[in-house]
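Asker: starting from these lines, generate the structure:
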Amino acid sequence: MIQADVFDKAMGSAQFLPDVVERQMNQSEFVLPIWEYLDIAASEERVRNGRTALRKRRELFIEIERRFGVEPEVVAAIWGLESGYGVNRGSVPILSALATLAWRGSRQAFFEDELVAALRILQSGHTTPEKMVGSWAGAMGHGQFMPSSFLNFAVDFDGDGRKNIWSNDPTDAVASIANYLSKHGWRRGQPWGYEVSLPEGFDYALVGMDQAHGAPFWDDRGVRTVTGDRLPDYGVGSILLPAGARGVAVMLLRNAHALLRYNNAEAYVLGVGVLADRIGGHKGLVQPWPFDDRVLTRSEVREAQELLSGLGYSTQGVDGMRGPNTGRAVRAFQTDEGLVPDGYLSGTVLDLLREKGGAA
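Answerer: Numbering: from 1, shown residues only. Presented below is the predicted three-dimensional model:
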């Protein structure tokens, strides 16, 4: 229960922010190719700044790893992607943003719950309404926590009695990132994944996050590391083809699922993973990308989803987002059409869907 005086003080200065509604309604129609996204996510500057951040706060990250069992490079990579190591934490008043979205935006119930969570944070004394700033969508601090994530996973690592993810001091924020991953099953000493090479004649029906097998299974099917070695045994893993059969192949392991809980996008997992590897001194991905592929816009993905469902390949909804349901539907369509069933929704697949949909 939110106390009346807390509510009045917090909401008394809250304002309707029309720009927030406009930004929600006009999110970019265009999607970056995965190779361009990774060039940004793991840029030389971000790698360099990540290494500097770890050197500057070496003792802090050692203690965080000891407490939560999450490697410093991984925590730093999330910090770097979410806020540029604290440089871009956002300046939008969170209460105003959440109240605006709860009243006029889409997903109103979700943002109403987040608004109540933000009020609970204030009631607990962790910050003040004036200091509670962040992104237009309600994400806050160095790790861009939503209020509900703060309530569940933020920690008071410096022992001052407050869980402060907003200040210039990143101590509580980066520890909270580590706690979040730890609570979602991160295993210390295991990678998030690694690049693999697929043999000629590989059965692409086996790819996708919904199919996980151990190293012996993949070994028997000719899957190797990019250096040609047999696969290390880190337990079960799934093969991801972020740009289809013509691009990079990655084996995603258990820790990748912890990253997905932080941000449920395969591109984000790759971004964090590659950035963490490079901060740690390892190489990025080495296989070539299909630079000649046309990347579909969100409206084209929605069109493809509608066409797939109309042809009997249900995508379990039409939202313009490439998810596992859409991947399974694409794979089934590709199989029936005699194409490589990699589950990748390309311009070629869309053109064929239009042809088949028009004839149906």
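Asker: excluding its backbone neighbours, what's nearest Leu308?
Answerer: Distances taken as Cβ to Cβ, 6 or more residues apart in numbering place Ala329 nearest to Leu308, at 4.6 Å, with adjacent residues excluded. (C-beta placed from N, C-alpha, C; glycine too.)
Asker: what's the helix or strand for that neighbour?
Answerer: Element membership of Ala329 [criterion: DSSP states H and E] is helix 324-336.
Asker: right, and the helix or strand after that helix?
Answerer: helix 347-359.
Asker: buried ones in that following helix, by neighbour count?
Answerer: Val349, Leu350, Leu352, Leu353, Lys356 (16 or more other Cβ atoms under 10 Å).
Asker: so, low pLDDT: which residues of this protein?
Answerer: Counting by pLDDT under 70, the chain shows low-confidence ranges at 28-30, 359-360.
Asker: outline the domain layout of it.
Answerer: The chain breaks down by automatic domain parsing into domains covering 4-31+63-183, 298-359.
Asker: possible to save those as a markdown table with distance to Gly208?
Answerer: Below are the domains of the chain laid out as a markdown table (distance: least, Cβ to Cβ, whole Å):
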| stretch | distance to Gly208 |
| --- | --- |
| domain 4-31+63-183 | 19 |
| domain 298-359 | 6 |
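Asker: three-state assignment of Trp79?
Answerer: State at Trp79, reduced to three classes by DSSP: H, G, I helix; E, B strand; the rest coil: helix.
Asker: quick one: contacts for it?
Answerer: Shown in contact with Trp79 (Cβ atoms under 8 Å, 6 or more residues apart in numbering): Gly50, Ala53, Tyr85, Gly86, His142, Gly143, Pro170, Ala173, Val174, Ile177.
Asker: give me that answer again for 10 Å
Answerer: By Cβ atoms under 10 Å, 6 or more residues apart in numbering, the residues touching Trp79 are 49-50, 53-54, 85-86, 142-144, 170, 173-174, 177.
Asker: what do you get for Gly327?
Answerer: Val207, Gly208, Met209, Asp210, Leu240, Leu241, Glu266, Thr315, Asp342, Gly343, Tyr344, Leu345.
Asker: phi first, then psi, for the closest residue to Val92 other than its chain neighbours.
Answerer: Nearest residue to Val92 in three dimensions, chain neighbours excluded: Trp136, at 5.0 Å (Cβ to Cβ, 6+ apart). As for Trp136, its main-chain torsions (degrees, to the nearest 10) stand at phi -60, psi -20.
Asker: how about the contacts made by Trp136?
Answerer: 17, 19-24, 90-92, 94, 96-97, 100-101.
Asker: Ser176: neighbour count?
Answerer: 28 (other Cβ atoms under 10 Å).
Asker: confirm it sits in a helix?
Answerer: Yes - checked against three-state DSSP, Ser176 lies within a helix.
Asker: before we move on, back to that, between the contacts of Trp136, which sits nearest Gly235?
Answerer: Gly90 (37.1 Å; Cβ to Cβ).
Asker: how much space between the closest one and Gly138?
Answerer: Plainly put, Gly90 is 10 Å away from Gly138 if you go by Cβ to Cβ, to the nearest Å.
Asker: quick one, which of those two is more surrounded?
Answerer: Each of Gly90 and Gly138 has its neighbours counted (other Cβ under 10 Å); Gly138 has more, 27 against 19.
Asker: what about the more buried one, which helix or strand?
Answerer: Using DSSP H and E, no helix or strand contains Gly138.
Asker: same check on Asp233?
Answerer: Counting by DSSP H and E, Asp233 is found in no helix or strand.
Asker: what's the burial count for the closest residue to it other than its chain neighbours?
Answerer: Nearest non-adjacent residue to Asp233, counting by Cβ to Cβ, 6+ apart: Ala215, 4.3 Å away. The tally of other residues near Ala215 (other Cβ under 10 Å) stands at 17.
Asker: can you check Gln211 too?
Answerer: 12.
Asker: can you check Trp186 too?
Answerer: Neighbours of Trp186 under the rule other Cβ under 10 Å: 23.
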